[in-house]
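Asks: I would like the atomic coordinates for the input below:
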Amino acid sequence: MANPYTQPTLTGYNASPPSNDGVEEAQNTANWTTQVIGKVGDPLKDYAQAIDANVLAAIAAVIAAPTVPRGYIDGMNVNLDTDADHDISISAGICKNADNDQNLTLSTALVKQIDSDWVEGTGLGGFPSALSIAADTWYHVFAIGKPDGTTDAGFDTSLTAVNLLADATEYTEYRRIWSVRTNASSNLRGFFANQGWMHWFDAVTEEDNTNPGTAAVTVTLNATPPDVSVMAQLTVDIEANATTFMEIAQSGTPTATSGEYYIRALRPTALTAQQNSIFQIWTSSQSIKYDLDVSDATTVVKILTQGYFDPRGTNA
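Replies: Got it, this is the predicted structure:
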């Protein structure tokens, strides 16, 4: 959190009084209470009291808003709101900002609109004025905060929320808490999420390939967010007349001999058999690779993204 202590200012104090001429005369005698304090006040006493009051206020602020660990996030679950095409609802919660030096707290749920320019407050716009909403595009969701602890939210394509903060000029802190994707109509794609787990209402076909060959094939996972590390939940179907063996990798060439394979899929064991498997695999590049040891005209590989797990910066 920001420093809760406010340094008071010492006023009414003359740090350079006139020099003493060394002459003691009765008419120079001043009564401290009536002629000094009564006329100019007691700036040192006022300053000390201000320090005391501000220290107590700072302690109260720390007690009321205790700090949380590095990378922490709890709550702040993002789901579609009543206008599911355009609005998201962010549940109450708390997280650490991206710099790990301030808490961002929502005491109640916050609704933001992706189809309206950002305005502070719930039920209002959350989109940067410098951007235009586009079809089939990912937008990151950010919690943003002022130095005084006020928290709001919005959308951006930038991982550092530069466009959003350009509109929210009084907000200096940010933390990516989720990502959403538009569909072909530039509306929000349907999903359900809770504590980092996300499930698409409709699974997304990433690969439908007949006779892909035996060389490594790269598959783009369009249904996982860009530039962040998530654990994709995939359904993999293999249809084949011949017995075949499949390997899936995060990167590199997925061959057993190279030792770079990540998952080995079970093979179909009967003629025209279909093997259906569910895999979870980490990716930070929206892609995976796979290969087969046998492939012919009867071989069909289908890969669908069901959803993913997003740690939301907890390991940053």
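
Asks: Just give me the neighbour total for the spatially closest residue to residue 219 that is not a sequence neighbour.
Replies: Computed as C-beta to C-beta, 6 or more residues apart in numbering, the closest residue to residue 219 that is not its neighbour in sequence is residue 207, at 4.7 Å. Backbone N, C-alpha and C define where each C-beta goes, glycine included. Residues within reach of residue 207, counting by other C-beta atoms under 10 Å, total 21.

Asks: Would you quantify the distance from residue 207 to residue 191?
Replies: 21 Å (C-beta to C-beta, to the nearest Å).

Asks: do residue 149 as well
Replies: With distances defined as C-beta to C-beta, the gap from residue 149 to residue 191 amounts to 30 Å.

Asks: And stretch 289-299, end to end?
Replies: The distance separating the two terminal residues of stretch 289-299, taken as C-alpha to C-alpha, to the nearest Å, comes to 17 Å.

Asks: likewise stretch 290-309?
Replies: Across stretch 290-309, the terminal residues are separated by 21 Å (C-alpha to C-alpha).

Asks: got the buried residues for it?
Replies: Taking 16 or more other C-beta atoms under 10 Å as the neighbour-count basis, stretch 290-309 is seen to contain the buried residues 290-292, 295, 299-309.

Asks: repeat for stretch 120-139
Replies: Within stretch 120-139, the residues that qualify as buried are 124-128, 131, 133, 138-139, counting by 16+ other C-beta under 10 Å.

Asks: Could you do stretch 232-241 as well?
Replies: Residues 232-240 are the ones in stretch 232-241 that count as buried (16+ other C-beta under 10 Å).

Asks: cool, stretch 100-116 as well?
Replies: Taking 16+ other C-beta under 10 Å as the criterion, stretch 100-116 shows 102-106, 109-114 as buried.

Asks: Give me the subset of the residues you listed lying in strands.
Replies: The strands in this structure, assigned by DSSP state E, contain 103-106, 110-114 from those.

Asks: quick one on the thing from earlier: thinking the residue nearest to residue 219 is in contact with residue 301, fair?
Replies: Yes: here residue 207 lies in contact with residue 301, judged by C-beta atoms under 8 Å, at a distance of 6.0 Å.

Asks: Identify the contacts common to those two.
Replies: By C-beta atoms under 8 Å, 6 or more residues apart in numbering, residue 207 and residue 301 have these common neighbours: residue 217.

Asks: Please enumerate the strands of the stretch 51-200 of the chain.
Replies: Listed in chain order, the strands found in the stretch 51-200 of the chain under DSSP state E, counting those that start in this stretch are 73-75, 78-80, 87-90, 93-96, 103-106, 110-117, 124-127, 138-145, 151-156, 173-181, 191-194, 197-210.

Asks: and the first one, how far from the chain's centre?
Replies: In terms of C-alpha atoms, centre = their mean, to the nearest Å, the centre of strand 73-75 is set 11 Å apart from its chain centre.

Asks: what's the single longest helix in the chain?
Replies: Using DSSP state H, we find that the single longest helix of the chain is helix 43-64.

Asks: For residue 109, give me the pLDDT.
Replies: Confidence per residue is given as pLDDT, and for residue 109 that number is 98.

Asks: just checking, it touches residue 88?
Replies: No: the criterion here is C-beta under 8 Å, and residue 109 misses it with residue 88 at 10.3 Å.

Asks: give the contact list for the nearest residue to residue 185 once chain neighbours are set aside.
Replies: Distance criterion C-beta to C-beta, 6+ apart; nearest residue to residue 185, sequence neighbours excluded, is residue 135 at 6.8 Å. The contact partners of residue 135, by C-beta under 8 Å, 6+ apart, come to 182-186.

Asks: Check residue 153 too.
Replies: Neighbouring residues of residue 153 by C-beta under 8 Å, 6+ apart: 90, 106, 110, 112, 126, 141-144, 177.

Asks: returning to what we had before: tell me the two of the buried residues of stretch 120-139 that are most distant?
Replies: The widest separation within the buried residues of stretch 120-139, taken as C-beta to C-beta, falls between 124 and 138 and amounts to 22.3 Å.

Asks: need the strands for the stretch 201-316 of the chain, in chain order.
Replies: Listed in chain order, the strands found in the stretch 201-316 of the chain under DSSP E, counting those that start in this stretch are 217-220, 230-240, 246-249, 263-265, 273-283, 287-292, 300-309.

Asks: what's the pLDDT at residue 175?
Replies: In the predicted model, residue 175 carries a pLDDT score of 97.

Asks: what separates it from residue 279, distance-wise?
Replies: Applying C-beta to C-beta to residue 175 and residue 279 gives a distance of 30 Å.

Asks: more crowded one of these two?
Replies: Regarding residue 175 and residue 279, a neighbour count based on other C-beta under 10 Å identifies residue 175 as having more, with 28 against 16.

Asks: Now do the contacts for the residue nearest to residue 166 when sequence neighbours are not counted.
Replies: Among residues not flanking residue 166 along the chain, residue 130 sits closest, at 6.4 Å (C-beta to C-beta, 6+ apart). Residue 130 is in contact with 163, 166-167, counting by C-beta under 8 Å, 6+ apart.
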